[in-house]
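> 3D model of this:
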Amino acid sequence: MPGSPYTDLDRPPLSAARLRRALVAPNGPWARLELHAQTGSSNADVAEAAAAGEPEGLVVVAERQTAGRGRRGRVWQSPPRAGIATSVLLRPGEAVPDRGWVAVPSTAYGWLPLLAGVALVEAVDRLAELEATLKWPNDLLIGDAKCAGVLAEAVPGRSFAQPPAIVLGVGLNVTLRADELPVNPTGLPATSLQLAGATATDRDPLLRALLRALADWYDRWRSTGGDAVASGLRDAYVAACATIGRQVRVLLPNGGDLTGTATGIDNDGQLQLSTPTGTRVIAAGDVLHLR
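Numbers count the residues shown, from 1 in each chain. A predicted model of the protein is given here:
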């Protein structure tokens, strides 16, 4: 249909009504869902809502982002309806007596982006029938190419006594063609589910599977007070992580770098790196798989 925004039948729009019926309920998994045809950044939208006092459980989905963000201030963009861009609002520092959840200490918040990575792997494995892995901390790989990423951001509480909220954003390349793929400044190649040979690229069930897996892992983690070991999160992450056992180069936030063998993930979600000068523990950085 000339002039229609939906002339590309391979990229139909999502339905807010269907998503809400599947995902929004008084007792979860999610409390409220917004679907935007276009926005600057779904993470920014959720962060704004968090700053205004929005309760935990908001989901924002964007068909197109004009200022999507990745880690370290990078841009994450894709053509309209060619991927999944969603962000959720979590308040792990607030107790939820009705669900038996105690407040999680802020020292455990670093597990949340890794938790999102595990949920991504589960959704892609189940729906797309592709063998997905994670590059520490939370890039989703198909083979050696990046297909998705996670961005976690903290939003300060409205008072000194209120713990920060956490915004978790996920960007997944679904039907991008080769000429539409983003260029990674670290040289990591990109791919999409379609290019990787996925058996299914319908975004609706993919998004529902992702958000359900995310809610399930968050429930397990919250139910143990944020204990990644007791909840099984650490074991699930280690099983999915392709970085462990690899020779890697780590680009550090301060501009430095380290080279060594990734030997494991500690109980705080940090990467353990064996270097010629000893074992180092990496809390943040870009990892390049060397071999």
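> tell me the mean pLDDT for the top strand by length along the chain?
Secondary structure assigned by DSSP state E gives strand 145-155 as the longest strand of the chain. Strand 145-155 shows a mean pLDDT of 96.
> what do you get for stretch 82-96?
pLDDT averaged over stretch 82-96 gives 97.
> and it, how far out from the chain's middle?
9 Å (Cα atoms, centre = their mean, to the nearest Å).
> The residue lying closest to residue 100 once chain neighbours are set aside: neighbour count?
Leaving aside its sequence neighbours, residue 100 sits nearest to residue 223 (Cβ to Cβ, 6 or more residues apart in numbering; 6.6 Å). Quick note: C-beta positions are derived from backbone N, CA and C, even for glycine. Residue 223 has 15 neighbouring residues, counting by other Cβ atoms under 10 Å.
> Wait, residue 223 touches residue 101, no?
Yes - between residue 223 and residue 101 there is a contact under Cβ atoms under 8 Å: 6.7 Å.
> Check the gap between residue 158 and residue 106 for me.
To residue 106, residue 158 is 16 Å away according to Cβ to Cβ, to the nearest Å.
> repeat for residue 211
24 Å.
> Over to residue 217?
19 Å.
> So which of the two has more stuff around it?
residue 217 (24 against 14).
> Could you find the closest non-adjacent residue to the more buried one?
Residue 217's closest residue in space is residue 115 (Cβ to Cβ, 6+ apart), at 5.0 Å.
> what about residue 121, how many neighbours?
Residue 121, neighbours per other Cβ under 10 Å, totals 25.
> likewise the one 4 residues further on?
Neighbours of residue 125 under the rule other Cβ under 10 Å: 16.
> Please apply the same query to residue 169.
29.
> Helix, strand, or coil at it?
Three-state assignment for residue 169 (DSSP: H, G, I helix; E, B strand; the rest coil): strand.
> And for the one 3 residues further on?
For residue 172, the secondary structure call by three-state DSSP comes out as strand.
> Would you mind confirming that it is in contact with residue 82?
No - with contact defined as Cβ under 8 Å, residue 172 does not count as touching residue 82 (10.1 Å).
> These two: who's more crowded?
residue 172 (25 against 22).
> Would you mind listing the residues in contact with the more buried one?
Residues near residue 172 by Cβ atoms under 8 Å, 6 or more residues apart in numbering: 83-85, 120, 124, 140, 147-148, 193, 206, 210.
> Now the two most distant members of those.
Pairwise distances across the contacts of residue 172 (Cβ to Cβ) peak at 15.6 Å, for the pair 85 and 124.
> quick one: the strands in the stretch 51-200 of the chain?
All strands of the stretch 51-200 of the chain, identified by DSSP state E, counting those that start in this stretch, fall at 58-62, 83-90, 132-135, 139-142, 145-155, 165-173.
> Given the last one, what are its sheet partners and their directions?
Read it as strand 165-173. Here strand 165-173 is paired, per DSSP bridges, with strand 83-90 (antiparallel), strand 145-155 (antiparallel).
> In CSV, list those along with mean neighbour count.
Shown next, in CSV, are these (neighbours: other Cβ atoms under 10 Å):
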stretch, mean neighbour count
strand 83-90, 26
strand 145-155, 22
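> Quick one, which of those gets closest to residue 289.
Comparing the strands paired with strand 165-173 by their distance to residue 289 (Cβ to Cβ), the top pick is strand 145-155, with 11.0 Å.
> got a list of contacts for that closest one?
Counting by Cβ under 8 Å, 6+ apart, residues outside strand 145-155 touching it are 43, 47, 50-51, 69-71, 76, 109, 112-113, 116-117, 120, 124, 132, 135, 137-141, 164-173, 184, 188-193, 196.
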